[in-house]
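Enquirer: Predicted model and sequence below, questions to follow.
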Amino acid sequence: MLTEATMWMRRRTTTAADWPVEMLLEAKAAHGDGRISVVLPARNEEETVGAIVTAIRRDLMERAPLVDEIVVIDSRSTDRTAEVAAAAGAEVVHQDAILPELPRMSGKGEALWKSLAATGGELIVFVDADLRNFSSHFVSGLLGPLLTDPSVGYVKGCYDRPLMTGGRRVDGAGGRVTELVARPLINLHWPALAGVIQPLGGEYAGRRSLLERLPFVTGYGVELGLLLDVFAEAGLDAIAQVDLGDRVHSHQSTEALAAMSGQIMLTAWSRLQRHGRMLPLEDPGTALAWFSRNGSGHDVRVNDVGVQERPPMIEVPGYAGTGRSLLPER
Ligand SMILES: O=c1ccn([C@@H]2O[C@H](COP(=O)(O)OP(=O)(O)O[C@H]3O[C@H](CO)[C@@H](O)[C@H](O)[C@H]3O)[C@@H](O)[C@H]2O)c(=O)[nH]1
Ligand SMILES: O=C(O)[C@H](O)COP(=O)(O)O
């Protein structure tokens, strides 16, 4: 592999076991007890969100005062996600209740961007709400490099990703968009980032002071956009990764993953252009056709995979380094 990426991996990769909670409590106290927020974006995750919130509350709030708040951003769920998360002890905020005066946008990236305006932590940890094997070392592991090294601004989790299919576990077969789209794009265009093992992983953490200066792609391009923008804004060494072991999540349909791939490609395209790595002759299309067999012919459904984006939160009027003041009365 490429030298810069290999050297970065050696310098900046640790494992969750390197960061025992007692060590992190000491580091947190030594740095003036800056607050820590955990954010779960959740759209119809009633099956899994409760266990994740319970584990974080029990291990990292009650047994050890590492985390200061857990906020579930309810991303227009139509199931009991909000009730289950609240019963487990999270603060639940509906995506549309945050900055309600802004035009509505959809997607995971929108939920994450809005979370900056609904939390008070100086460090923010994002965790997907569909994890089926969550353990609190996901959160403590991601906090390790941030609490102990001021030059680190952004920490990605990495893990093994099995594919669960028909009740069977196929090791190494999960993360299909990651392996077939995102990592090839990164290797070809941003080789310095080739050592980031899970660029699309939903478990990562960052300093508010960095995240609030970055635009957020509103859909599934958010992870790639943030990674590329952190790299452009803060440099390779501001990024670290922590091995969290094994990650099992709910798989989406192939059609949904195709749409996700379209968003990932358009996000890469936008950064190639913005960061001066490509001079486009024309804009890319945003329509993705999906075919399904119908008798002797095919039905076609067209998905719009165009990406929208929110500006850096620091530019939003009323935001003053913490989002709490922007929330409606609770
Ligand atoms: O409109 C949405 C869609 C999703 N989610 C939540 O976001 C998380 C991840 O979404 P999911 O649909 O499960 O994505 P994955 O298929 O798991 O996709 C992977 O790849 C995506 C693209 O980088 C990342 O956003 C994901 O975190 C990563 O797990 C889950 O908690 C969802 O409930 C929202 O909050 N709002
Ligand atoms: O991160 C990814 O590549 C997508 O979420 C797809 O993951 P899966 O192949 O494990 O469903």
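Expert: On my side now, so go ahead. Ligands and ions are numbered 1, 2, ... in the order given.

Enquirer: residues from this structure in reach of ligand 1?
Expert: 41-43, 45, 75, 106-108, 111, 128-130, 200, 202, 220, 223, 249-250, 252, 260 (CB under 6 Å from any ligand atom). Glycine gets a C-beta too; all of them are placed from N, C-alpha and C.

Enquirer: Of those, grab the buried ones for ChimeraX.
Expert: For the buried members of the residues of the chain next to ligand 1, the matching ChimeraX selection, counting by 16 or more other CB atoms under 10 Å, is:
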select :41,42,43,45,75,107,108,111,128,129,130,200,202,220,223,249,260
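
Enquirer: Could you pick out which of the residues of the chain next to ligand 1 are located in strands?
Expert: Of the residues of the chain next to ligand 1, the ones assigned to strands by DSSP state E are 41-42.

Enquirer: got the phi/psi numbers for Ala90?
Expert: Here is the backbone geometry of Ala90 (degrees, to the nearest 10): phi -90, psi 160.

Enquirer: ok, how many other residues are close to it?
Expert: 28 (other CB atoms under 10 Å).

Enquirer: Would you agree it is in contact with Ile73?
Expert: No. Contact between Ala90 and Ile73 fails when scored by CB atoms under 8 Å: they sit 10.0 Å apart.

Enquirer: Spit out the residues that contact these two alike.
Expert: Residues touching both Ala90 and Ile73 (CB atoms under 8 Å, 6 or more residues apart in numbering) are Leu40.

Enquirer: In the protein, which residue is most central in space?
Expert: Residue closest to the average C-alpha location in the chain (CA atoms, centre = their mean): Gly202, at 3.7 Å.

Enquirer: Leaving out sequence neighbours, find the closest residue to that one.
Expert: Using CB to CB, 6 or more residues apart in numbering and skipping residues adjacent in sequence, the residue nearest Gly202 is Asp128, 3.5 Å away.

Enquirer: now do Leu180
Expert: Nearest to Leu180 is Ser261, by CB to CB, 6+ apart, at 7.5 Å.

Enquirer: how about the helices in the stretch 201-330 of the chain?
Expert: Secondary structure of the stretch 201-330 of the chain, counting by DSSP state H, counting those that start in this stretch: helices at 208-211, 222-234, 254-274.

Enquirer: give the contact list for the residue of the chain found nearest ligand 1.
Expert: Nearest to ligand 1, among the residues of the chain, is Gly202, at 2.4 Å (CB to the nearest ligand atom). Shown in contact with Gly202 (CB under 8 Å, 6+ apart): 41, 108, 126-128, 223, 249.

Enquirer: can you rerun that using 10 Å?
Expert: 40-41, 108, 112, 126-131, 157, 220, 222-223, 247, 249 (CB atoms under 10 Å, 6 or more residues apart in numbering).

Enquirer: per-residue confidence at it?
Expert: At Gly202, the model reports a pLDDT of 98.

Enquirer: Where does pLDDT dip in the protein?
Expert: Confidence mapping of the chain against pLDDT under 70 gives the ranges 1-2, 33, 320-330.

Enquirer: Could you name whichever residue is most remote from the centre of it?
Expert: The outermost residue of the chain relative to its centre, with distances by CA atoms, centre = their mean, is Ser296 at 42.1 Å.

Enquirer: Go ahead and confirm Leu288 touches Ala258.
Expert: Yes. With contact defined as CB atoms under 10 Å, Leu288 reaches Ala258; the gap is 6.3 Å.

Enquirer: Quick check: neighbours shared by the two?
Expert: Contacts common to Leu288 and Ala258, judged by CB under 10 Å, 6+ apart, are 303, 305.

Enquirer: ok now do the residue in the stretch 201-330 of the chain that ligand 2 sits nearest to, which residues does it touch?
Expert: The minimum distance from the stretch 201-330 of the chain to ligand 2, using CB to the nearest ligand atom, falls at His251 (3.7 Å). Contacts here follow CB under 10 Å, 6+ apart; on that basis His251 touches 130, 163-165, 174, 176, 257.

Enquirer: Rebuild those as a markdown table, extending it with secondary structure.
Expert: Formatted as a markdown table, the contacts of His251 follow (DSSP: H, G, I helix; E, B strand; the rest coil):
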| residue | secondary structure |
| --- | --- |
| Asp130 | coil |
| Leu163 | strand |
| Met164 | strand |
| Thr165 | strand |
| Gly174 | coil |
| Arg176 | helix |
| Leu257 | helix |
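
Enquirer: ranking these by neighbours, who comes first?
Expert: Comparing the contacts of His251 on neighbour count, Asp130 comes out first with 22 neighbours (neighbours: other CB under 10 Å).

Enquirer: tell me, how many neighbours does Thr218 end up with?
Expert: 23.

Enquirer: I figured it was touching Pro103, is that so?
Expert: No. Using CB under 10 Å, Thr218 is not in contact with Pro103, being 11.0 Å away.

Enquirer: Report the set of residues contacting both of the two.
Expert: With CB under 10 Å, 6+ apart as the test, Thr218 and Pro103 both reach Gln308.

Enquirer: Who's the closest spatial neighbour of Thr286, skipping the chain neighbours?
Expert: Beyond its immediate neighbours in the sequence, the residue positioned closest to Thr286 (CB to CB, 6+ apart) is Gly306, lying 3.3 Å away.

Enquirer: Show the backbone phi and psi for that neighbour.
Expert: Per-residue torsions, Gly306: phi -60, psi 140 (degrees, to the nearest 10).
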